[in-house]
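*Asks:* Build me a model from this:
(chains A and B)
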There are 2 protein chains.
Amino acid sequence: MKSNLHIPPDIPLNDQDELIPKFAEIGLDQFAPYLLNRITSRWNSSILEAARQYGLTTRQMRTLAVLSDKDGRPVNDLATLTVTNQSTMSRALISMEKKGFIMRKPRSSDSRFIEVYLTEKGRQVFERFWPVFYWHFRRLFHGVEESEFAAFVATLHKILRNVQHQPF
Amino acid sequence: MKSNLHIPPDIPLNDQDELIPKFAEIGLDQFAPYLLNRITSRWNSSILEAARQYGLTTRQMRTLAVLSDKDGRPVNDLATLTVTNQSTMSRALISMEKKGFIMRKPRSSDSRFIEVYLTEKGRQVFERFWPVFYWHFRRLFHGVEESEFAAFVATLHKILRNVQHQPF
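*Replies:* Modelled structure (predicted):
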């Protein structure tokens, strides 16, 4: 069932005359962005709580995780990957360097770029926290088979590309 | 390849002796909570921007959406569904009532419970915004076929149940 709603003319959908469903016709339970927000918010609360017990903030924990996946990342990339704005990221890195978790070094090929490396201490701090983090991850996907998980991640990659590359 | 990490004994996984992979072995790109955070953050920024152009905050827009899906919801449910804490929700509802978007009424069967209803003005405000909201939703799932979308939403429901009912 379609409503009599039209996409406004300043909105570049392919077919301006397309009738669109009402929100209630899609339904809250099928509106994926709503589900994404509910899940992400609960996940973040539980991880915040868990990280705090290891003396870490969410941002520190994310930075350690991202660096333990791949070391020597530029500050800009770290900001994007930890979903943090640039200036907050720079401040967080100064504080993490003081704690001895990371080192900032000018890139050898171009000293205008700063790259961030995990210290041995930073690595150990993350490795102590990781089993708890992993447990939460496992619990989140409890009852989701491997093939379902793979399909889910493939769709997430698709929509991440959409939010990154389309003119929102 | 498994690491020599173990789940700590105070973490109730089924098999305490299970060896768990390192974070770098899973990889950032396969770590779904990271993808969920990246996507949700970008989605919320674009919706915040769009709602603002219609004179709405994200919370007001979510409240109108949730009520346009189903009217007469209790305040607690609205707080959960819009991912807002209780006291912030109560304040937001007072402000939305002043704007003439909603009405709060005691439940007829038990006046201790307040139910929230959309006014005609509130409905119109949301209906003006909805096509833009829908356009963002369509863009988010650009290139995702109907069956892929259905599978994605089914997995989201599974993991939403996990974050709601498991002792995080």
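
*Asks:* could you give me the average pLDDT of the helix or strand hosting A:Ile94?
*Replies:* Per DSSP states H and E: A:Ile94 is located in helix A:86-98. Regarding helix A:86-98, the rounded mean pLDDT is 95.

*Asks:* cool, and stretch A:157-168?
*Replies:* For stretch A:157-168, mean pLDDT rounds to 80.

*Asks:* again, but for stretch A:101-121
*Replies:* 94.

*Asks:* And the contacts of stretch A:113-124?
*Replies:* A:63-64, A:67-68, A:71-75, A:78, A:93, A:96, A:100-107, A:126 (Cβ atoms under 8 Å, 6 or more residues apart in numbering or on different chains). To be clear about C-beta, it is placed using only N, CA and C from the backbone, and glycine gets the same treatment.

*Asks:* Tell me which ones among these also neighbour chain B, please.
*Replies:* Applying Cβ under 8 Å from any Cβ of the partner chain, the subset of the contacts of stretch A:113-124 adjacent to chain B comprises A:68, A:126.

*Asks:* quick revisit: tell me which helix or strand comes right after the helix holding A:Ile94.
*Replies:* Counting by DSSP H and E, what follows helix A:86-98 is strand A:102-106.

*Asks:* what packs against the helix holding A:Ile94?
*Replies:* Judged by 3 or more Cβ pairs under 8 Å, 6 or more residues apart in numbering or on different chains; DSSP states H and E, the packing partners of helix A:86-98 are helix A:58-69, helix A:75-81, strand A:102-106.

*Asks:* List the buried residues in stretch A:150-168.
*Replies:* For stretch A:150-168, burial by neighbour count (16 or more other Cβ atoms under 10 Å in any protein chain shown) applies to A:151-153, A:155-156, A:158-160, A:162-163, A:168.

*Asks:* wait, what's in contact with A:Leu156?
*Replies:* Contacts of A:Leu156 (Cβ under 8 Å, 6+ apart): B:32, B:35-36, B:39.

*Asks:* Now with 6 Å, please.
*Replies:* B:Leu35 (Cβ atoms under 6 Å, 6 or more residues apart in numbering or on different chains).

*Asks:* and the angle for the helix or strand containing it with helix B:146-165?
*Replies:* Using DSSP H and E, A:Leu156 sits within helix A:146-165. Between helix A:146-165 and helix B:146-165, the angle comes out at 100 degrees (axes from the mean of the first three to the mean of the last three Cα atoms, to 10 degrees).

*Asks:* gap between helix A:146-165 and the chain center?
*Replies:* Chain-centre distance of helix A:146-165: 13 Å, with Cα atoms, centre = their mean, to the nearest Å.

*Asks:* From A:Phe141, how far out is A:Tyr134?
*Replies:* To A:Phe141, A:Tyr134 is 11 Å away according to Cβ to Cβ, to the nearest Å.

*Asks:* Let me fix that, I meant to ask about A:Ile39.
*Replies:* 11 Å.

*Asks:* How many neighbouring residues does the closest residue to A:Arg104 other than its chain neighbours have?
*Replies:* Distances taken as Cβ to Cβ, 6 or more residues apart in numbering or on different chains put A:Ile114 closest to A:Arg104, at 5.1 Å, once the chain neighbours are dropped. A:Ile114 has 15 neighbours, counted by other Cβ atoms under 10 Å in any protein chain shown.

*Asks:* Also A:Val83?
*Replies:* 18.

*Asks:* do A:Gln124 as well
*Replies:* For A:Gln124, the neighbour count with other Cβ under 10 Å is 13.

*Asks:* which SS state does it fall under?
*Replies:* helix (DSSP: H, G, I helix; E, B strand; the rest coil).

*Asks:* can you check A:Glu127 too?
*Replies:* Per three-state DSSP, A:Glu127 ends up helix.

*Asks:* surely A:Val83 meets B:Ser41?
*Replies:* Yes: assessed by Cβ atoms under 6 Å, A:Val83 is found in contact with B:Ser41 at 4.7 Å.

*Asks:* and the nearest residue to A:Leu118 once chain neighbours are set aside, how many neighbours?
*Replies:* Leaving aside its sequence neighbours, A:Leu118 sits nearest to A:Leu67 (Cβ to Cβ, 6+ apart; 4.4 Å). A:Leu67 sits with 25 neighbouring residues when counted by other Cβ under 10 Å.
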